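Enquirer: Need coordinates for the below:
(chains A and B)
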Amino acid sequence: MGKTTLAMAFTKYLQKKGVNVKYNCFHQNPEKELQAAIALPTIEIDIDKSAEIYIGRKLNSTTVASWIMKTHFFKSLFQMIPGLGHMILFGHLIDELEKDPSLVVVLDSPASGHALTMFESTSNFKTIFKSGLVVKDIDRMQNFLSGENNLKTHVVTLATELSLSEALDLKNELDNNLPDTQAHTDLLVNDSFKKFFELKKVDEKELPPFLAQKIELEKNIVAQYYTLPHIDHDDMPKIVMDLSAMMEGLV
Amino acid sequence: MILPDKKVELFCGTGGVGKTTIATARALALALQGKKVLLITIDPAKRLKQILKIEDNDDGKIFKIGLDLFGLDKDKNFDAMLMSPRATLQRMAVEKELHAEFESTIIKTLSRPYGGMNEIMSIIEVQVQLEKNIYDTIILDTPPGKHFIDFLESSEKIKNFFDKSFLEIFDYLGKSISGGGKTRNFITMIVSTGVKKLLSYLEAVTGADFVREFIDAVLALYKCRDSFLKALQFQQDLKKESYSNWFLVTSVEQQKMSEAQNLKTQAAHFMHKDHFLVMNKCLGTFLNEWEPGNNDVLVHLKRSMTKREQDLQDFASKNFSNVLKFHEINHPSPLEHVKALAQMFLVQPQ
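Expert: Numbers count the residues shown, from 1 in each chain, chains lettered A, B, ... in the order given. Take a look at the predicted model:
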């Protein structure tokens, strides 16, 4: 889909506009080389460290928190219930955002099914914990996510029917099944040849059959959603920077 | 190149490269050859649902997909399943007569479709299906990127979970895995000091009710631990060349070379060396036939597309001994995509 590329491009776009912005890859493998090549501002949070800080705050003791995190019990708990780590990481990001109201975090979310796991983690653990200190924190997270202008979700799709259908499913889940987050979601079409030829002013009659078929299949999709063009070179830092110049319509 | 018949085939790769479509095409190709095939999608994105028109509430059930869906031989078919952690746990509950225990809010919430336990429960489900011994091949459409590694690491996580750490807690609380209470012995009393401390800290953060419910939920899982531990064998078997085919799917359309290489490196510990790189959405045939004339934009586009494909080809030759190429399918119907790709599987040099 180009999710990571677009998340980086959006970060660079906001940075250029003077926004205090940071990119976070949410516990996925960070593309360090590319990040360095484009001088991407990032916020990196380690799940274990984040959990340790959280528990330390609750118990007023970093030593105890460090001991707890080292117990086999906690290690295996974190491994078996990955949603718990998601929630803590999410909570940590929200802490950072609350500490600095000018900060914008561009979250390069996990892929569709796992993005829902991430977003559902707050309501799932609220159901599990029922009451107490943790639930108060979850309420705070949910209040933040549902607050005016606090969260915007861009669902990225390719300009194909199958990809769009999956993206619409995800958007539907985010809109309807996660009322607590009241996610403001939109669809963003990436890597469109139709858009590329429009921008380059190429007459469709000049295209070979395989590209003519491709743009024919893209037509209806591109007409409905904000679309970014195919980029016709292979230099990744340059691709990110080229795309960052086309992000105006996303804000 | 030989695509040998194996008991298990795994399709892995980063998001958007066409894993599910390729895995479904492989299931179709094997079914056309008369093989008995089960296709399981572990990815909670469930793209398979869209391709095969399976309903949402059908998660966890096995469906017979007649090949007439693809306009092919109606007497042939393959089975397909959308992984459901809840269905897998419910089956365990029935087997172990643990209905009440599995009604726990914690277990029910975590086994929701997006509760986060998909990868762990998948390994159990696959092992159950293997033990039935009714399929020539089970094809696994795995979750993207890092979540595929999570799936591969499931057995290690299961092993860690079922070690002594929780047993000490059960002992301390006088709970027994085999049912009934348990008398505490001298060793238990010594260990219990640490456990008591841990539980008191946990209670301070989460509340006592949660700790009690949580321990009961874990106890219910421990009562099924033989089902979990049996699944560890699956991970061992995957390392055998005679047992599994691994397909690492990448796409020309997206620049996924470094991600494919990362995935290969991370998965190396779990897989054998005789694996395949699948280059999906290749355009080489079309590009070779294309004469862009004097239009500079089109000349440049052809050059960049050709270079992108050549770079992937060079990467493939350098890093993989077995490479399968599938060309781009331009058709609105996902079923036609699958059908065309299945034909390509059938004509790959055997």
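Enquirer: Report the contact partners of whatever residue of chain B ends up closest to chain A.
Expert: Closest contact between chain B and chain A, by C-beta to the nearest C-beta, is at B:Pro44 (2.8 Å). Every residue, glycine included, has its C-beta placed from N, CA and C. Contacts for B:Pro44 (C-beta atoms under 8 Å, 6 or more residues apart in numbering or on different chains) come out as A:Ser112, A:Gly113, A:His114, A:Leu116, A:Thr117, B:Met83, B:Pro113, B:Tyr114, B:Asn118, B:Pro143.
Enquirer: so how far is stretch B:98-108 off the chain centroid?
Expert: 25 Å (C-alpha atoms, centre = their mean, to the nearest Å).
Enquirer: brain fart, stretch A:80-88
Expert: 17 Å.
Enquirer: State the mean pLDDT of it.
Expert: Averaged over stretch A:80-88, pLDDT sits at 80.
Enquirer: Can you say which helix or strand has the residue of chain A found nearest chain B in it?
Expert: Of all residues in chain A, A:Gly113 sits closest to chain B, at 2.8 Å by C-beta to the nearest C-beta. Using DSSP states H and E, A:Gly113 maps to helix A:112-129.
Enquirer: how about the strands in the chain?
Expert: Just going to use chain A. Remark: strands assigned in chain A by DSSP state E are A:20-24, A:103-107, A:153-158, A:185-192, A:226-229.
Enquirer: oops, chain B please
Expert: With DSSP E as the criterion, chain B has strands spanning B:8-13, B:37-41, B:62-66, B:77-82, B:137-141, B:244-251, B:276-282, B:322-327.
Enquirer: Against which helices or strands is the longest one packed?
Expert: This means strand B:244-251. strand B:8-13, helix B:19-32, helix B:257-267, strand B:276-282 (3 or more C-beta pairs under 8 Å, 6 or more residues apart in numbering or on different chains; DSSP states H and E).
Enquirer: Select, out of these, the one closest to A:Lys3.
Expert: In terms of C-beta to C-beta, the element of the helices and strands packed on strand B:244-251 nearest to A:Lys3 is helix B:257-267, at 11.6 Å.
Enquirer: by contact count, what packs against that closest one?
Expert: Other helices and strands packing on helix B:257-267, by 3+ C-beta pairs under 8 Å, 6+ apart, are strand B:8-13, helix B:146-152, strand B:244-251, helix B:296-319.
Enquirer: Among these, show me which one is buried the most.
Expert: For the helices and strands packed on helix B:257-267, the largest average neighbour count (mean count of other C-beta atoms under 10 Å in any protein chain shown) is found in strand B:8-13, namely a mean of 26.
Enquirer: Now B:Lys240: closest residue in space, sequence neighbours ignored.
Expert: B:His272 (6.6 Å; C-beta to C-beta, 6 or more residues apart in numbering or on different chains).
Enquirer: And stretch A:187-197, end to end?
Expert: Chord length of stretch A:187-197, first to last residue, is 21 Å (C-alpha to C-alpha, to the nearest Å).
Enquirer: starting at the chain centroid, how far to that stretch?
Expert: Per C-alpha atoms, centre = their mean, the centroid offset for stretch A:187-197 relative to its chain is 20 Å.
Enquirer: cool, stretch B:206-226 as well?
Expert: 26 Å.
Enquirer: Let me see the residues that make contact with it.
Expert: A:128-134, B:92, B:95-96, B:98, B:101-102, B:104-107, B:161-162, B:166-167, B:169-170, B:173, B:175, B:177, B:199, B:202-203, B:228.
Enquirer: Which residues are in contact with A:Gln15?
Expert: By C-beta under 8 Å, 6+ apart, the neighbours of A:Gln15 are A:Val21, A:Pro41.
Enquirer: interface residues of the stretch 151-300 of chain B facing chain A?
Expert: Within the stretch 151-300 of chain B, the positions near chain A by C-beta under 8 Å from any C-beta of the partner chain are B:157-158, B:160-161, B:163-166, B:169, B:198, B:201-202, B:204-207, B:209-210, B:253-255, B:258-259, B:262, B:283, B:286, B:289-290, B:292-293, B:295, B:297-298, B:300.
Enquirer: ok, back up a step: mean pLDDT added to the helices and strands packed on strand B:244-251, as a markdown table?
Expert: Listed next are those as a markdown table, based on pLDDT from 0 to 100:
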| stretch | mean pLDDT |
| --- | --- |
| strand B:8-13 | 93 |
| helix B:19-32 | 95 |
| helix B:257-267 | 81 |
| strand B:276-282 | 92 |
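Enquirer: and the ones you listed as a markdown table, adding distance to A:Asn172?
Expert: Shown next, in a markdown table, are the helices and strands packed on strand B:244-251 (distance: least, C-beta to C-beta, whole Å):
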| stretch | distance to A:Asn172 |
| --- | --- |
| strand B:8-13 | 25 |
| helix B:19-32 | 19 |
| helix B:257-267 | 28 |
| strand B:276-282 | 27 |
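Enquirer: Which of the ones you listed sits closest to A:Leu243?
Expert: Nearest to A:Leu243, of the helices and strands packed on strand B:244-251 and by C-beta to C-beta, is helix B:257-267 at 17.9 Å.
Enquirer: In that closest one, which residues are buried?
Expert: B:Met257, B:Glu259, B:Ala260, B:Gln261, B:Asn262, B:Leu263, B:Lys264, B:Gln266, B:Ala267 (16 or more other C-beta atoms under 10 Å in any protein chain shown).
Enquirer: Next: stretch B:152-170.
Expert: B:152-155, B:157-158, B:161-162, B:165-166, B:168-170.
Enquirer: can you check stretch A:204-219 too?
Expert: For stretch A:204-219, using 16+ other C-beta under 10 Å, the buried residues are A:Leu207, A:Pro208, A:Phe210, A:Leu211, A:Ala212, A:Gln213, A:Lys214, A:Ile215, A:Leu217, A:Glu218.
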